[in-house]
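1. here is my input; please provide its structure:
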Amino acid sequence: MFSVSGISVHFGGKDILDDISFVINAKDRIGLTGKNGAGKSTLLNIISGLTKPEQGQINIPEGKTVGYLPQQMKMDSQKTIYEETLTAFHEVNQLEKDIEKLHDYITHSTDFHSEEYLKKVTALHEKNDRFNYLDGNKKESNVEKVLKGLGFSENDFHRSVSEFSGGWKMRIELAKLLLVKPDLLLLDEPTNHLDIESILWVEDVLINYQGAVVMVSHDRMFLDRITLRTIEIMLGSIYDYELPYTKYLEARAERLETQMATFKNQQKFIDQQEKFITRFRAKSSKARQVQSKIKMLDKLDRVELDETDNSSIHFRFSPAPRSGHVVVDIADLSKSYDEKLILKKISLKILRGEKAAFVGKNGEGKTTLSKIIAGFEAFHGEMTIGHNVNLGYYAQVQENTLDENLTVLQTIDNEATDEWRNTSKIRGLLGSFLFRKNDIEKKVKVLSGGEKSRLALAKLLLKPYNLLVLDEPTNHLDMTSKEILKQALLDYDGTVIIVSHDRDFLHELTSKTYEFQNKQIKEHLGDINDFLLKHKAESFREFESTKTNTPKIIVEQDNSLSNKEKYLLKKEQEKELRKIQKAIEASEKAILHAENELKEISKIMEMPDFYADDQKVNEYTQKHSHLEKKLEKEMQHWDKLVKELEEKNLQNS
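-> Sure, this is the predicted structure:
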């Protein structure tokens, strides 16, 4: 059990985190939510030990480990991907050495009853258990499995890390974390640089992860599949819900609605009592009633409304100058990096006012084509940018377009045209993107991912562009900011090309979809829902996962059986399925019961005076440990039953 106790952080007179406390249980799946700049990344940095809070502390049980994947990082390794990933096993390598020494001692020892001998035997058992938990004997095979799961091919294994972009380097770091299996895994926007297949693979890994997971993500489906608890950070305080993200939103709305109704009713009641007091205060015949009501109001437990943060970005793109009818015209375009062919003789035509989406798996060339159109990449073939086209480009990785040594104000000032050569206008623009007075002198390098995204968007408003090329513009934006950006693009009268995996964002925004696959592109008319409908898919996850060509298991029928025998066989199969389903239901009830017991014990252990009684501490610590083991055993049993049910269903299909 990890605990966050009384953590406070203040910056520029603002409470980022104000005396917050909560407990992270052994198998918790927590989604950390809140607006950009609310303090989510700050909290993860503190829990990981990278930064220190002004007040409070993080309590990590002895022997427990914490792994952290930050939103932004730099990796300058000259190793190959395979070699760099193997560095994750420094604990395993040390365990191997320790086990060898202990084996040597025990083998040559003659005093089998000495205290030292018994200590060495115990240590050997403990280190062997840890070695086995970390799959020490499967280092190479596990590295291969994890790297492939995250989208690397075998050909990539022996390429230098330095050859890869920041997004792919993040995958290497994630691979290392998944291999070392920390007891607490902290993930800050882990899906930002993953394609759909990799997201699906990571989801399955995290669902079955043996430790606790705390993550920040703006991918609603990802949160809903993995998390069972949501902690919202708002204006320095936290609100803890034992619910996944979508259900948390519903519960939060209901709570605020109920709170507001209760507040209004109470205010109405208070108003009535105060009117009575004012009206009859001077009348001696009503003196007793007046005093009674005054005392009642003094003792009244007043309903207080939770403070909510309603701030959001607000902007509109400048009217687009008129361009030629054909904005982008590409014919027989090819692109290679050294020997690797990315795009092969593709053709497309985008007309004035169209809003087009580029979709497909990572590595299929979406970002590459975006950079080619924006003029940042060379190519073979023909491309014509239309008459009077003024192009604005939003890069997927902002480090490539923002100078980290400049301040927020300098970044905008350097790009401003004569129209914007006015400090108050620039400050007004930055204010509309939530950069307050104290924020504009910050260096770009200290900004969060969301702040960098907002700054990059602000730059696009400085010139009257009539073609916007946006590569994953929603990656670091919170839910509210995504909706505002979408509305601004809907109102924009220019031409737009968007690379995105976000179906909700693209829905009703684009009128044409280009599918990238196997070095080619295919045009689909209509918005993203029309495109997905053609593929009989409800989401990008389903669409892209159908392309993995997973082999189907076909159970052939035995035609030698009579109808009666077939009927009896079917009944027997149904009986087996019902038996497994009942066992699953019983196991789920047992898991729920154990989880509830753990919660109750955790609440007691969080009481301020709990640690004053040593006997009580010992008793509840043992209970907590026993329940954790019981819960883990039951979850393994449930997992086995579910797999058995899936196998039976496949056999009977």
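
2. which residues does the host helix or strand of Glu451 contact?
-> Assigned by DSSP states H and E, Glu451 falls within helix 449-459. Counting contacts by CB atoms under 8 Å, 6 or more residues apart in numbering, the residues outside helix 449-459 that touch it are 36-37, 41, 71-72, 189, 192, 313, 315, 394-395, 398, 401-402, 408, 411-412, 415, 429-430, 432-435, 439, 444, 447, 473, 475-478, 481, 485. Glycine gets a C-beta too; all of them are placed from N, C-alpha and C.

3. what mean pLDDT does that helix get?
-> For helix 449-459, mean pLDDT is 84.

4. repeat for stretch 477-490
-> Stretch 477-490 shows a mean pLDDT of 84.

5. restricting to C-alpha, output it in CSV.
-> Output for stretch 477-490, consisting of C-alpha atoms alone and laid out as CSV, is shown next (Å, rounded to 0.1, in the frame of the first residue of the first chain):
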residue,chain,number,x,y,z
LEU,A,477,-5.1,18.5,-24.9
ASP,A,478,-7.7,17.9,-22.2
MET,A,479,-11.3,16.9,-23.1
THR,A,480,-12.6,20.5,-23.0
SER,A,481,-9.8,21.9,-25.1
LYS,A,482,-10.3,19.2,-27.7
GLU,A,483,-14.0,20.2,-28.1
ILE,A,484,-13.1,23.9,-28.5
LEU,A,485,-10.4,23.1,-31.1
LYS,A,486,-12.9,21.0,-33.0
GLN,A,487,-15.5,23.9,-33.0
ALA,A,488,-12.8,26.4,-34.1
LEU,A,489,-12.0,24.1,-37.1
LEU,A,490,-15.7,23.6,-37.9
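
6. name the residues of it that are buried.
-> With burial defined by 16 or more other CB atoms under 10 Å, the residues of stretch 477-490 counted as buried are 477-478, 481-482, 484-486, 488-489.

7. what is the nearest of those residues to Ala378?
-> Proximity of those to Ala378 (CB to CB) peaks at Leu489, which lies at 29.1 Å.

8. is it true that the closest one touches Ala356?
-> No: taking contacts as CB atoms under 8 Å, Leu489 lies outside contact range of Ala356: 11.9 Å.

9. what is in contact with these two at once?
-> Taking CB under 8 Å, 6+ apart as the contact rule, the neighbours common to Leu489 and Ala356 are 496, 498.

10. would you mind splitting the chain into its domains for me?
-> Domains of the chain are assigned by automatic domain parsing as 2-248, 326-548, 563-652.

11. in TSV, list those along with distance to Asn265.
-> Output for the domains of the chain, formatted as TSV (distance: least, CB to CB, whole Å):
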stretch	distance to Asn265
domain 2-248	23
domain 326-548	29
domain 563-652	31
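
12. between these, which one is nearest to Pro319?
-> Comparison of the domains of the chain against Pro319 by CB to CB identifies domain 326-548 as nearest, at 6.3 Å.

13. buried subset of the contacts of helix 449-459?
-> Applying 16+ other CB under 10 Å to these, the neighbour count classes 36-37, 41, 71-72, 189, 192, 313, 315, 394-395, 398, 401-402, 408, 411-412, 429-430, 432-435, 439, 444, 447, 473, 475-478, 481, 485 as buried.

14. quick one: which of those residues sit in strands?
-> Applying DSSP state E to the buried ones among the contacts of helix 449-459, the entries found in strands are Tyr394.

15. low-confidence stretches in the stretch 151-300 of the chain?
-> Segments of the stretch 151-300 of the chain classed as low confidence (criterion: pLDDT under 70) are 196.

16. show me where it has its helices.
-> With DSSP state H, counting those that start in this stretch as the criterion, the stretch 151-300 of the chain has helices at 166-180, 196-207, 220-226, 245-280, 287-299.

17. which of these sits closest to Ser587?
-> Proximity to Ser587, assessed across the helices of the stretch 151-300 of the chain by CB to CB, is greatest for helix 196-207 (16.2 Å).

18. now for that closest one, which elements pack on it?
-> Where contact means 3 or more CB pairs under 8 Å, 6 or more residues apart in numbering; DSSP states H and E, helix 196-207 is packed against helix 139-149, helix 166-180, helix 220-226, helix 540-545.

19. so the first one versus helix 166-180, what angle?
-> To tie it back to what came earlier, the one meant is helix 139-149. Put simply, helix 139-149 runs at 140 degrees to helix 166-180, going by axes from the mean of the first three to the mean of the last three CA atoms, to 10 degrees.

20. any idea how far helix 139-149 is from the middle of the chain?
-> Distance of helix 139-149 from its chain centroid, counting by CA atoms, centre = their mean, to the nearest Å, is 23 Å.

21. list of residues touching it?
-> Taking CB under 8 Å, 6+ apart as the criterion, the residues outside helix 139-149 that touch it are 81-82, 85-86, 89, 92, 135, 154, 156-157, 175, 178-179, 198, 201-202, 205.

22. rerun at 6 Å
-> For helix 139-149, the surrounding residues in contact (CB atoms under 6 Å, 6 or more residues apart in numbering) are 85, 89, 135, 175, 178-179, 201.

23. leaving out chain neighbours, which residue sits closest to the most centrally placed residue in the chain?
-> Nearest to the geometric centre of the chain sits Ser217, at 2.3 Å (CA atoms, centre = their mean). Counting by CB to CB, 6 or more residues apart in numbering, the nearest residue to Ser217 once its immediate chain neighbours are dropped is Leu223, at 5.5 Å.

24. then Glu274?
-> Counting by CB to CB, 6+ apart, the nearest residue to Glu274 once its immediate chain neighbours are dropped is Leu297, at 7.4 Å.

25. number of nearby residues for the one you found?
-> Counted with other CB atoms under 10 Å, the burial measure for Leu297 works out to 14 neighbours.

26. in this structure Val469 contacts Ile498, no?
-> No: with contact taken as CB atoms under 6 Å, Val469 and Ile498 are classed as non-touching, separated by 8.2 Å.

27. what about the longest helix that the chain contains, average pLDDT?
-> When every helix of the chain is counted residue by residue (DSSP state H), the longest turns out to be helix 563-605. Helix 563-605 shows an average pLDDT of 76 in the prediction.

28. what does stretch 634-652 give?
-> Per-region confidence: stretch 634-652 scores 75 on mean pLDDT.

29. so for Arg436, what's the pLDDT?
-> If you check Arg436, the pLDDT there is 80.

30. actually Ile30, not the one I typed
-> Reported pLDDT for Ile30: 95.

31. for the helix or strand that it is a member of, the distance to its chain's centre please.
-> Using DSSP H and E, the secondary-structure element containing Ile30 is strand 29-33. Centre-to-centre, strand 29-33 and its host chain are 8 Å apart (CA atoms, centre = their mean).
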